[in-house]
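[1] Quick one: sequence plus predicted model below, questions after.
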2 protein chains.
Amino acid sequence: MARDGSATRKAIMDAAQALILETGFSAASVDAVITRAGITKGAFFYHFKTKAELALALVQRDAEADAAHLETNLQRAESLSRDPLQQLLICIGLYEEEMARLTAPYPGCLYASFIYEAQLFDAATIAVVRQVFTHWTQRIAGKLEAVMQLYPPRLPVEVKTLAETSLVLAEGAFILSKVQRDPGAVAAQWRQYRNYLELLFSPQLPDPVPRRGNDAAGVTHDKLDVSVPAK
Amino acid sequence: MARDGSATRKAIMDAAQALILETGFSAASVDAVITRAGITKGAFFYHFKTKAELALALVQRDAEADAAHLETNLQRAESLSRDPLQQLLICIGLYEEEMARLTAPYPGCLYASFIYEAQLFDAATIAVVRQVFTHWTQRIAGKLEAVMQLYPPRLPVEVKTLAETSLVLAEGAFILSKVQRDPGAVAAQWRQYRNYLELLFSPQLPDPVPRRGNDAAGVTHDKLDVSVPAK
DNA sequence: TTATCTATACCGACTGGTCTGTTCGCTACG
DNA sequence: CGTAGCGAACAGACCAGTCGGTATAGATAA
């Protein structure tokens, strides 16, 4: 089957993505990528005219996957509750669950990786990253608007900023998890965002939690009552 | 004055730091650094045996500066209130003010930059980053412990995770501000952390804010009544 | 059925340039 | 005059990208 190059193309992109998350874009040399992918220079430059073209293809692939992922989770959440606040909390909870399921390779984000080497990329590549960010923000902000119609926030907040906080927490959590080599850190930070939204909007606030023992060993992370099908 | 090389050393480090935040470590070549610093290869390798040694020196310098910065802000906060919760909120507010004062060069964090190129650095350099993170976390967590002794949280939280959220928000906000080219984004996210802590712990919750006009134009960011001396 | 042709998919040696790091020499102070 | 501080040329490794060539699959045609 010398006729289908899509597998090779995918192998290149997968190898490159993993390498970039480990070493950054500049240090992920074409030689290193092709070694990891098990192919040669010829194959690489057959599929991508330049290394920059690979970068663009990578962010575009991630952008589409992430957008689709968000829609999936939002739709699941919307089918599980009619209340906008609950929908948002469930959606965040779904992301939390997914991140809690992660194990070995400490996650990372290509967008952040590229942004910290921003000068290396052309405007189009960076534009994709910016577009992903604004799309995510607007999608969440839309939900937050609906929430605000129903529940006045206990503190003055801008919807846009509050929506961005979800992005910010995710990106920051990736960094923390890499530093600590603890994939669980990401889920824990999603949980903080859920807490924040709940405290801001939820009409009936939970009773204060009685003080536990001296160290914070026995905190109960109550599970969401939503099971996500393995895809 | 051929006898004092410390100025040259500082020039190298400053140029390198700025370049690294723009392009990443690998792309910040020694040639680019010395051009920016206005010196030559000889001077560079007189002060730093290798490029890796420069990396270590940079994170160490930042680590010391950040630790001192945190102590300053904590002490200022402690002198302004006797209540641990207020102290923490004031301390966060001080960071928020400083970030709000930033303008042109969208801020960035050397730690995050290094972490996304982690494989390039030796264990000692990464260890410094990890140490900065744990130190910050423990310092904030200590304060949070004192807060919890007085005010039971409205939701179950781990002090460590909650302390890490401050770090996570800061790191994530740097990324957001770089993507949006908006230095103000960092301050806005610090504010979210203040909100979260207030909602979690403050015994008298503010009244729900009445819904404003359709767009979120007129949010009042009430100023802290604390002025920070220009250092 | 078999010979020929063409486009796709890939190989691997090679090139010009850039990278980190070395070497040596100059100069100005103590 | 000795050495701290630095300039300038150089060395060897590595980089992205090129190019002539190969293998295979299907279309065409005899």
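    Structure received.
[2] right, is the lengthiest helix in chain A up against chain B?
    Determined from DSSP state H, the single longest helix within chain A is helix A:51-80. No - Helix A:51-80 does not reach chain B (C-beta under 8 Å from any C-beta of the partner chain); its nearest approach is 12.1 Å. C-beta: built from backbone N, CA, C; applies to glycine.
[3] any idea how far that helix is from the chain center?
    Centroid separation for helix A:51-80 versus its chain: 9 Å, with C-alpha atoms, centre = their mean, to the nearest Å.
[4] got the contact list for the closest residue to A:Ile115 other than its chain neighbours?
    Excluding its sequence neighbours, the residue lying closest to A:Ile115 (C-beta to C-beta, 6 or more residues apart in numbering or on different chains) is B:Lys178, at 5.1 Å. Each residue near B:Lys178 by C-beta atoms under 8 Å, 6 or more residues apart in numbering or on different chains is listed here: A:Ile115, A:Tyr116, A:Ala118, B:Tyr106, B:Pro107, B:Gly108.
[5] Same question for A:Glu164.
    By C-beta under 8 Å, 6+ apart, the contact set of A:Glu164 is A:Thr137, B:Leu176, B:Ala185, B:Ala188, B:Gln189.
[6] Would you show me how to pick out the buried ones of the contacts of B:Lys178 in ChimeraX?
    Selection command for ChimeraX covering only the buried members of those, criterion 16 or more other C-beta atoms under 10 Å in any protein chain shown:
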select /A:115,116,118 /B:106,108
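[7] In helices, which of the contacts of B:Lys178 appear?
    Among the contacts of B:Lys178, DSSP H puts A:Ile115 in helices.
[8] tell me the domain boundaries of chain A?
    Listed domain ranges for chain A are A:7-48, A:50-201 (source: automatic domain parsing).
[9] Now render these as JSON lines, adding mean pLDDT and distance to B:Glu22.
    Shown next, in JSON lines, are these (pLDDT from 0 to 100; distance: least, C-beta to C-beta, whole Å):
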{"stretch": "domain A:7-48", "mean pLDDT": "95", "distance to B:Glu22": "12"}
{"stretch": "domain A:50-201", "mean pLDDT": "96", "distance to B:Glu22": "5"}
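[10] Nearest approach to DNA strand C belongs to which of these?
    For those, the distance to DNA strand C is smallest for domain A:7-48, at 1.7 Å, taking C-beta to the nearest atom of the strand.
[11] Between the two ends of that closest one, what distance do you get?
    Domain A:7-48 stretches 14 Å from its first residue to its last (C-alpha to C-alpha, to the nearest Å).
[12] chain center to it, what's the gap?
    Computed by C-alpha atoms, centre = their mean, the chain-centroid distance of domain A:7-48 equals 23 Å.
[13] What of stretch A:158-171?
    12 Å.
[14] Tell me which of the contacts of A:Glu164 fall in helices.
    Under the assignment DSSP H, the contacts of A:Glu164 contribute A:Thr137, B:Leu176, B:Ala185, B:Ala188, B:Gln189 to helices.
[15] Buried ones among the residues you listed?
    Here, 16+ other C-beta under 10 Å leaves A:Thr137, B:Leu176, B:Ala185, B:Ala188, B:Gln189 buried among the ones in helices among the contacts of A:Glu164.
[16] So for A:His221, what's the pLDDT?
    Predicted confidence (pLDDT) at A:His221: the value is 41.
[17] coming back round to it: from the buried ones among the ones in helices among the contacts of A:Glu164, which is closest to DNA strand D?
    B:Leu176 (28.3 Å).
[18] Contact partners for the closest one?
    By C-beta under 8 Å, 6+ apart, the contact set of B:Leu176 is A:Phe133, A:Glu164, A:Leu167, A:Val168, A:Glu171, B:Asp182, B:Ala185, B:Val186, B:Gln189.
[19] quick one, helices of chain A?
    For chain A, the helices defined by DSSP H cover A:6-23, A:30-37, A:41-47, A:51-80, A:84-101, A:110-115, A:123-150, A:159-180, A:184-201.
[20] separation between the residue nearest the centre of chain A and chain B?
    Central residue of chain A (C-alpha atoms, centre = their mean): A:Ala170, 5.9 Å from the mean position. When distance is defined by C-beta to the nearest C-beta, to the nearest Å, A:Ala170 is 7 Å away from chain B.
[21] Now do the same contact list for A:Leu195.
    No Leu there; residue A:195 is Asn. The contact partners of A:Asn195, taken as C-beta under 8 Å, 6+ apart, are B:Leu155, B:Val157, B:Tyr196, B:Leu200.
[22] what do you get if the cut-off is 10 Å, keeping everything else the same?
    A:Leu89, A:Ile92, B:Pro153, B:Arg154, B:Leu155, B:Pro156, B:Val157, B:Leu162, B:Thr165, B:Tyr196, B:Leu199, B:Leu200 (C-beta atoms under 10 Å, 6 or more residues apart in numbering or on different chains).
[23] Please identify, among those residues, the one with the most neighbours.
    Counting neighbours by other C-beta atoms under 10 Å in any protein chain shown, B:Thr165 leads those with 28 neighbours.
[24] Could you pull up the residues touching that residue?
    Neighbouring residues of B:Thr165 by C-beta under 10 Å, 6+ apart: A:169, A:172-173, A:176, A:188-189, A:191-193, A:195-196, B:137, B:140, B:157, B:192-193, B:196-197.
[25] How much space separates it from A:Arg191?
    Using C-beta to C-beta, to the nearest Å, B:Thr165 is found at 10 Å from A:Arg191.
[26] A:Thr50 now?
    From A:Thr50 to A:Arg191 the distance is 42 Å (C-beta to C-beta).
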